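Asker: no sequence for this one, just the structure:
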């Protein structure tokens, strides 16, 4: 006679019986790269450089290093138990059903809002070539295309994201190579600026400091803008259930984060500022366009527009994938309607995918209304970015609970986080610093306050749902299991 599975185990059951492991190592590597490179690098880096000056290199290095530790937390947890299909699963298992509910729906909201913003951006990029084309046409075409690609198979998503990411990689490497050649040959621009590495420290600005030309305030302001460039870095944490060999692919993808940050952010921005001093860059235009134009590329603006549009499509594609999988995972845990448990013949959560794409079509209404609604929408996207930080915090909190309750799994880990709990202290200090920095700006302060409101509301919804007899039993079983595991951990020590 077999024992009936415990309810708490049922709600974190494995995805492997439904979703198919069709994402290969090359898919995972490029999905991870795509998650770390957003449109902010191509279009928003000029503003970040204008604000922080050469210290922007330090800004990206610090953020990249800390988020690498966050991803190592996530990697160790995902590989500690094969029933985890997404990071929301281990949050549910370690922090409880309420925490899993809040994280799942928060992450869903983050990508819905971000994906809607990307659809609007893509429609805007189309107007570069066809200014008279109604923007609702490219918006609908984008959503239909992404739905079709994701409805085929998970492998189709992987292939699409692979080539989207390749376009971004080629563009960045081309910029770095162009910048290096211009520095080597001593290229002089039409306005008399000479390309040289000394441009990185020979323009001290108002503060008199070469590294912090706009003072410490400008350095902190760089964090406000740069942190949003890393939104989506945790995307690889939603692919575990569909990865062929997660024990090899996930560590490779996560361990390559430092190299990606160094190459795609630090080297690229260093190349830009070596060719054109930071105080000569126009913060309202893409520095990629400026550098390629200096090379003599007459179609530089069109090329960068194509790359940025591809980058936006890549982000939106990632959003469609991650939200549909997150809804499927939540449905398995009874945190979302049961209808989202259904898979198509190609093992795709089709109902969740349809709902995701319908939400993306709200971009048409937002573009039609414009004005104050679009200003409000800008605030909402800032809220989503702050909520991504909340998700990172919950990943780290899960790691702390894992170390407390399941120390034997940590000792056996094949991918243990470097630095252990000391790294958690470093991450915590960084998060507290980011809260302080974001509070300095009015718009990001409002975003943080709105995020708090969302978390309070979704937590209240979770408590209302947990009042049913079955959910009350789940909570009681979770509490009992936590006590057993803590007792076992104390005995082992």
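Answerer: On my side now, so go ahead. Keep in mind that this is a model prediction, so the values were computed, not measured.

Asker: ok, residues contacting stretch 392-400?
Answerer: For stretch 392-400, contacts defined as C-beta atoms under 8 Å, 6 or more residues apart in numbering pick out 67, 70, 73-74, 76-77, 87, 90-91, 94-95, 99, 102-103, 234, 237, 417, 421, 424, 427-428, 431. In short, each C-beta sits where N, CA and C put it, glycine included.

Asker: Of those residues, grab the buried ones for PyMOL.
Answerer: In PyMOL, the members of the contacts of stretch 392-400 classed as buried (16 or more other C-beta atoms under 10 Å) are selected with the following command:
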select buried, resi 67+70+73+74+76+77+87+90+91+94+95+99+102+103+234+237+417+424+427+431
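
Asker: what about residue 439, how many neighbours?
Answerer: Counted with other C-beta atoms under 10 Å, the neighbours of residue 439 add up to 12.

Asker: ditto for residue 449
Answerer: If we define neighbours as other C-beta under 10 Å, then residue 449 has 12 of them.

Asker: mind checking pLDDT for the residue nearest the centre of the chain?
Answerer: Centroid-nearest residue in the chain, with C-alpha atoms, centre = their mean: residue 232, separated by 1.1 Å. On pLDDT, residue 232 comes in at 78.

Asker: repeat for the one 4 residues further on
Answerer: Here, the pLDDT recorded for residue 236 equals 75.

Asker: I'd say it and residue 253 touch.
Answerer: Yes. With contact defined as C-beta atoms under 8 Å, residue 236 reaches residue 253; the gap is 5.2 Å.

Asker: Compare these two and say which is more crowded by neighbours.
Answerer: Comparing residue 236 with residue 253 by other C-beta under 10 Å, the one with more neighbours is residue 236, at 29 against 26.

Asker: Quick check: that one vs residue 246, distance?
Answerer: 10 Å (C-beta to C-beta, to the nearest Å).

Asker: Tell me, how many residues neighbour the spatially closest residue to residue 337 that is not a sequence neighbour?
Answerer: In this structure, residue 337 finds its nearest non-sequential neighbour in residue 331, 6.5 Å apart by C-beta to C-beta, 6 or more residues apart in numbering. When neighbours are counted by other C-beta under 10 Å, residue 331 registers 20.

Asker: quick one, phi psi at residue 331?
Answerer: Main-chain torsions, residue 331, degrees, to the nearest 10: phi -60, psi -40.

Asker: and it, what pLDDT?
Answerer: pLDDT recorded at residue 331 is 84.

Asker: before we move on, what about residue 11?
Answerer: Residue 11 is given a pLDDT of 50.

Asker: same deal with residue 59?
Answerer: At residue 59, the model reports a pLDDT of 92.

Asker: Can you tell me the element it falls in?
Answerer: helix 56-80 (DSSP states H and E).

Asker: Next SSE downstream of that helix?
Answerer: Next along from helix 56-80, by DSSP H and E: helix 87-95.

Asker: Which elements pack onto the next helix or strand along the chain from that next one?
Answerer: Next along the chain after helix 87-95, taking DSSP H and E as the criterion, comes helix 97-126. In terms of contacts (3 or more C-beta pairs under 8 Å, 6 or more residues apart in numbering; DSSP states H and E), helix 97-126 is packed against helix 87-95, helix 136-152, helix 300-332, helix 350-360, helix 362-369, helix 372-405, helix 442-465, helix 469-492.

Asker: Next, the angle helix 372-405 makes with the first one.
Answerer: The one in question is helix 87-95. Counting by axes from the mean of the first three to the mean of the last three C-alpha atoms, to 10 degrees, helix 87-95 lies at 50 degrees to helix 372-405.

Asker: The fourth one now?
Answerer: The directions of helix 350-360 and helix 372-405 differ by 140 degrees, with the same axes, to 10 degrees as the criterion.

Asker: Kindly report the same for the fifth one.
Answerer: Direction vectors for helix 362-369 and helix 372-405, defined by the same axes, to 10 degrees, enclose an angle of 150 degrees.

Asker: how many degrees apart are helix 362-369 and helix 136-152 in direction?
Answerer: 170 degrees.

Asker: How many neighbouring residues does residue 184 have?
Answerer: Neighbour number of residue 184 under other C-beta under 10 Å is 9.

Asker: do the same with residue 337
Answerer: 13.

Asker: can you tell me how far the residue nearest to the centre of the chain sits from residue 165?
Answerer: From residue 232 to residue 165 the distance is 12 Å (C-beta to C-beta).

Asker: same thing with residue 386?
Answerer: Counting by C-beta to C-beta, the gap from residue 386 to residue 165 is 26 Å.

Asker: Would you list the phi and psi of residue 224?
Answerer: According to degrees, to the nearest 10, residue 224 has phi -60, psi -40.
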